[in-house]
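In: Got a predicted model here, sequence first, then my questions.
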Amino acid sequence: MKITRTFAAGAVSLAALLSASAAFADCGIQGAGSVRILSNDFEALRIINDVATSCATADVKVTANATAEHKNIQGPALTVNPAEYTVAVVANNSIVPLLNGDLIRPLDDLVAKYGASLQPNQLIKIDGKVMAIAFMGNGQHLFYRKDILEKAGVAVPTSYEEMLAAAQAIKDAGLMDYPLAASDKPGWDLAAEFVNMYLGTGGEFFAPGSAELAIDNDQGRKVLETMRAMTGFMNPDYLTYDANELNKVWDAGNVALMNQWGSLAGAAIDPAKANPEVAANTGFAAAPTIGGGTIPAAALWWDGFTIAKNISDADAEVSFQAMVKGISPETVAAHPDAATWLVAGYQPGPTAVGVIGNATGGARAYPMQPYMGLLHTALSTELADFIAGKEDADQALADVKAAYDAAAKEGGFLK
Amino acid sequence: MSVATRRPVALNALILAFLVIWVIAAAFPFAWTVWGSFKVEADFFSRQSWWSAIEGTRTQAQTGGAFTLAGYDGAWVKNEFWKAAINTLIVTLSVTLISLTIGTLGGYALARSGYRYAFWILIAALIFRAMPHITLVSGYMLPFFQLNIWGVLPTTIIVLVAINQPFTLWMLHSFFLSIPKDLDESAMVDGCTRFQAFRMVIIPVMWPGVITTGLFSFLLGYNDFAVTSMLLAQENQTMVPKIASFLGSIQNEGNVMFAVAAVVSATVPLFILVLFFQRQIVSGLTAGAVKG
Amino acid sequence: MPHRTFFVFIFPSILAMVLFITLPILSVVVQSLFVQHEAVLITVENCTPFGCETQTRVDTAAMQKLQADQPMGQFAGFANYLNRNHLAVDEIGAILADNRGFGDVAARIFNLPFYKALSFTLVYCFLVTPLAMALGFAIALAVNTLPGLLKGPTIFVSILPMIITPLVGSLILAWMFNPSGILGATLQSLTGDPTLSLRASPVLTWIVLLVYGVWTNGPFSFVVFYAGLQTVPQDTVESAKIDGASRWEVTRHVIMPHLAPLATFVALVQLMDNFRVFEPIVGFSAEANATSLSWLVFNDLVGQDAQLFGSAASTSVITIVGVLILLTPVLRRTWREFNRKAV
């Protein structure tokens, strides 16, 4: 896997880069123009935006808009000519509408000209053309309580089957009533759980080369069966748990095993805020495998930046340079714990163990098919009754297919 | 005053008991929030027991005191919530003033016109009000970007005024209906034009209705999320989208205590406002001209 | 009032509404009749930091041509309204044609997302509206009896539920109702059931949402009714009392008729707002057991990665039609009043 090479290479060059960070003030952007960044609103992106904004000079104007609504703004904002934003920061899923609408430009020329500090694996290539530059990775992975597992006499589970056995052992030992938790809240979270596990089975969501749904199979049923089995070890309120809630029940010491976002690992062991007894015993590992599969059952995510199509070439050039500066090894060296960076010089800390474990274990990336979003929406509403225990797996899969087919017809992907 | 106006003791007790229960139901969540805003998240939103919020064990452990201003510091100082507060002030005041100005004119006209189309305008306004705001807003995006008016406060103000207009029209129309027609009509018989009659006769007696309507316009501008979150760029953000951004997103931790502190401090101006205007709400309507 | 004067007075309002509401609604209605162009898919190799995969993508060049010919997409008539994610006519037909009795029909219809949402929306609308109005009226009557000094603070406290930002208000209430929150834990000890969770079962979730609805909507009725109470003609009240009317009879025959036009207005606004119930569902994380039409629109437009404009447009239009049906009785009343005034 490419990612291991990155991390190994990073360790070597870290010292050299630290000394280079003195020359921060001048970004040395060539040309003149305007940089307008649209991004999501979280710590790592705010850091990048700040660095990019600091590159402003008399010739280069830089503004940034970090907002949770970025997904809904980016489509119309990049459709107009000239686009409202020159840079859109995206992830596996949010790049898809931009690709479908032909709203972002290929970056091959710019990479050749200004991309010296980028590594080959940062380049997101669609049909051979570089369309985005990734800078950080994310994904859901295992959080476990060392003390509880030890008391129950079980090893750190590496598969969902072991996880269920461990939960049984913890419950039998009287250590916890509800040792498991998952982000099963109907909506985006619940659908993500299904996608994670289904990716782990090695199954394909769609028939090759078409938008025909293909999850009504043994793998699909295995995933649902596992999801249902897990709920037997969860707090009765599990239907209201999303990722942020998971961290809170974890912090209260109510849970022994869960799959949670790597980007929330830092908060779980943050010495300033976390519950010290829980934090000291919190361990991270790659996501478990499922049904005898060999890869971690979790989607890998990347965050990266794209450059709008409907802007002048001059704006594109300065925007690209400012963003390369924003995600430069210097930025990463100054904020090593803000994210699991994909940038040269990054030395993974303890909170990156899980995401890197997923990547080295060969986990698959969240699919970028144009109609994946429609499936995610269908899963998000139609699995609710199943996970609440109100219907069986066959009915749930049939419902998902019916909802997806209706949406895909509306989207023009199915006849 | 006849004897019958004095209430029996039992009834008085019943009224009082009902009010006490209601006041507790209305105020307790808020009082609880004010109290909790001086705690850390692990206490106020403790997954172990709500008793932590009273004792503040984690607040003690993290900050060294039973109470902390960390939430307020984080919201107002570190995240520059005051900018959002100023934006909200601008948006809310403008929305209220513009809504009421054009709404009183329109509402008055609707109340005084006997033609069928006035009724149909009211019905159309009602249908407009039924539209989910999210749908309207997602329709605005592309044209606003094309006209290059997206992201700025005036656009949001106009949109909020428009969205609020059906409600304002209906409410003011109802209030104007309760002002006797004879008042302005006799003024017109005396030689005033319609507008003069409106200015000299109606405006002096319309304030209670206008203030009540204004209160709702104000709240709409103050609490709106659908419009402000989608139509404002970050530097122009108002309080509610800012508060929402404190809550975090799927893959990223928010800081709920910033949101709680922000909500508590955002309620202070409302407190002052209501205390100030409740006199108008109470006394104004009884001022004489407005009867039946 | 002459047409010209009327038009001058109402012009600014009409202009604002036409530009920002009528035109968008028209475009939404048009949009709901179209589906997107048939996508031209090509298979390409995509490489990410985590490896390369063969996936499909949309052939944007080919799509641009289709788009240029027919910018709105393909005309689909009412297909968006009738498909499985909305009115689901075919599915309902199949259920009615082949079922195992009434329970089976109900269960299978509520399995369809639109009807699941509609059922909660209607229950919420029809329970919360009258209850909140009754509560608001009761508070208004009670506050009206208070001595002047107590009035101000009581009024302020009474409208607190309305002025707390709904997003955070429902979050805090949801937290208090949590099993480890103050209300949830109190209920557990009161009922003696330590596993009681108000967020786990559908029935309890609905009750909590309804209670929240009454709590947050009551103050609106209170403010309007309270303002209305100040205009009750005191001489009528006095003469009724002299005629020997009891307190209840005065309320029933003098005060309530006086407030009737305001009550019509409150009912109108509240029915409409409650039909669009949305915030409590998100605030209470109740999506598993309760969804609403507005939530469906939200989920189509902003809750997910893919935006379904046509689907959201159809749900929105259905919402408007639903509101109109709901309001027919109120509207007929308004029509009669209006005609009376015209005479």
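Out: Now that the structure is in, tell me what you want to look at. No experiment lies behind these values; they were computed from the predicted model shown. Numbering: from 1, shown residues only, chains lettered A, B, ... in the order given.
In: Show me the shaky parts of the stretch 151-292 of chain B.
Out: B:248-251, B:278-292 (pLDDT under 70).
In: now the helices: where do they sit in it?
Out: B:153-177, B:181-189, B:194-197, B:203-205, B:207-223, B:226-231, B:239-246, B:256-279 (DSSP state H, counting those that start in this stretch).
In: out of the ones you listed, which comes closest to residue C:4?
Out: helix B:194-197 (9.8 Å; CB to CB). No exception for glycine: its C-beta is placed from N, CA and C like everyone else's.
In: Quick one: check the closest one for contact with chain C.
Out: Yes: using CB under 8 Å from any CB of the partner chain, we find that helix B:194-197 touches chain C at B:194, B:195.
In: do stretch A:82-100 as well
Out: Yes: Stretch A:82-100 comes into contact with chain C (CB under 8 Å from any CB), by way of A:92, A:93, A:94, A:96, A:97, A:99, A:100.
In: can I get those in JSON lines with neighbour count, pLDDT and secondary structure?
Out: Output for the residues of stretch A:82-100 next to chain C, formatted as JSON lines (neighbours: other CB atoms under 10 Å in any protein chain shown; pLDDT from 0 to 100; DSSP: H, G, I helix; E, B strand; the rest coil):
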{"residue": "A:92", "neighbour count": "25", "pLDDT": "90", "secondary structure": "coil"}
{"residue": "A:93", "neighbour count": "21", "pLDDT": "90", "secondary structure": "coil"}
{"residue": "A:94", "neighbour count": "19", "pLDDT": "92", "secondary structure": "coil"}
{"residue": "A:96", "neighbour count": "22", "pLDDT": "92", "secondary structure": "helix"}
{"residue": "A:97", "neighbour count": "20", "pLDDT": "91", "secondary structure": "helix"}
{"residue": "A:99", "neighbour count": "21", "pLDDT": "93", "secondary structure": "helix"}
{"residue": "A:100", "neighbour count": "20", "pLDDT": "89", "secondary structure": "helix"}
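In: any idea how chain B splits into domains?
Out: Chain B breaks down into these structural domains: B:32-68, B:83-284 (assignment by automatic domain parsing).
In: returning to what we had before: could I get the residues of stretch A:82-100 next to chain C in CSV, plus columns for distance to residue B:259?
Out: Shown next, in CSV, are those (distance: CB to CB, whole Å):
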residue, distance to residue B:259
A:92, 29
A:93, 26
A:94, 24
A:96, 31
A:97, 29
A:99, 35
A:100, 35
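In: Get me the contact residues on the stretch 1-150 of chain B for chain A.
Out: B:40-42, B:45-48, B:58, B:61-62, B:138, B:141-142, B:144-146, B:150.
In: when you check chain C, which of these turn up near it?
Out: Near chain C, by the rule CB under 8 Å from any CB, you find B:45, B:46, B:47, B:48, B:138 out of the residues of the stretch 1-150 of chain B next to chain A.
In: I'd like the distance between residue C:30 and chain A.
Out: 15 Å (CB to the nearest CB, to the nearest Å).
In: Tabulate the domains of chain B (JSON lines), appending distance to residue A:105 and mean neighbour count.
Out: Formatted as JSON lines, the domains of chain B follow (distance: least, CB to CB, whole Å; neighbours: other CB atoms under 10 Å in any protein chain shown):
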{"stretch": "domain B:32-68", "distance to residue A:105": "43", "mean neighbour count": "20"}
{"stretch": "domain B:83-284", "distance to residue A:105": "18", "mean neighbour count": "20"}
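In: Show me where the stretch 51-200 of chain C has its helices.
Out: C:60-69, C:79-82, C:89-97, C:101-110, C:113-144, C:148-163, C:166-177, C:182-191.
In: Between these, which one is closest to chain A.
Out: helix C:60-69 (3.6 Å; CB to the nearest CB).
In: now for that closest one, which elements pack on it?
Out: With contacts taken as 3 or more CB pairs under 8 Å, 6 or more residues apart in numbering or on different chains; DSSP states H and E, helix C:60-69 sits against no other helix or strand.
In: Can you show me the CA trace of it as PDB?
Out: Coordinates of each C-alpha in helix C:60-69 appear next as PDB, following Å, rounded to 0.1, in the frame of the first residue of the first chain:
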ATOM      1  CA  THR C  60     -19.700  15.300 -18.900                       C
ATOM      2  CA  ALA C  61     -19.100  16.200 -22.500                       C
ATOM      3  CA  ALA C  62     -22.000  14.000 -23.700                       C
ATOM      4  CA  MET C  63     -24.200  15.300 -20.900                       C
ATOM      5  CA  GLN C  64     -23.500  18.900 -21.800                       C
ATOM      6  CA  LYS C  65     -24.900  18.300 -25.300                       C
ATOM      7  CA  LEU C  66     -28.100  16.800 -23.800                       C
ATOM      8  CA  GLN C  67     -28.300  19.700 -21.400                       C
ATOM      9  CA  ALA C  68     -27.900  22.300 -24.100                       C
ATOM     10  CA  ASP C  69     -30.800  20.800 -26.100                       C
END
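In: from chain C, which residue is nearest to chain A?
Out: residue C:306 (2.7 Å).
In: what's the spacing between residue A:327 and residue A:304?
Out: 9 Å (CB to CB, to the nearest Å).
In: okay, and the common contacts of the two?
Out: Here residue A:327 and residue A:304 have A:133, A:135 as joint contacts, going by CB atoms under 8 Å, 6 or more residues apart in numbering or on different chains.
In: Tell me which residue lies nearest the centroid of the chain.
Out: Just going to use chain A. residue A:301 (3.3 Å; CA atoms, centre = their mean).
In: The intended chain is chain B.
Out: residue B:219 (0.8 Å).
In: Which residue is the nearest non-sequential neighbour of that one?
Out: The shortest distance from residue B:219 to any non-neighbouring residue, by CB to CB, 6 or more residues apart in numbering or on different chains, is to residue C:163 (5.9 Å).
In: What of residue A:86?
Out: residue A:319 (4.1 Å).
In: what's the next secondary structure element after the host helix or strand of that neighbour?
Out: According to DSSP states H and E, residue A:319 maps onto helix A:313-326. Using DSSP H and E, the helix or strand that follows helix A:313-326 in sequence is helix A:329-334.
In: Could you name the helices and strands sitting against that following helix?
Out: helix A:2-20, helix A:43-53.
In: Can you list the residue ranges for helices in the stretch 1-150 of chain B?
Out: In the stretch 1-150 of chain B, the helices defined using DSSP H, counting those that start in this stretch lie at B:9-36, B:41-44, B:51-55, B:57-63, B:70-72, B:81-112, B:116-130, B:133-147.
In: got the angle for the first one vs helix C:113-144?
Out: Between the direction of helix B:9-36 and that of helix C:113-144, the angle (axes from the mean of the first three to the mean of the last three CA atoms, to 10 degrees) works out to 120 degrees.
In: and the closest residue to residue C:145 other than its chain neighbours, how many neighbours does it have?
Out: Counting by CB to CB, 6+ apart, residue C:145 lies nearest to residue B:15, which is 5.7 Å off, once chain neighbours are set aside. Neighbour count for residue B:15, taken as other CB atoms under 10 Å in any protein chain shown: 18.
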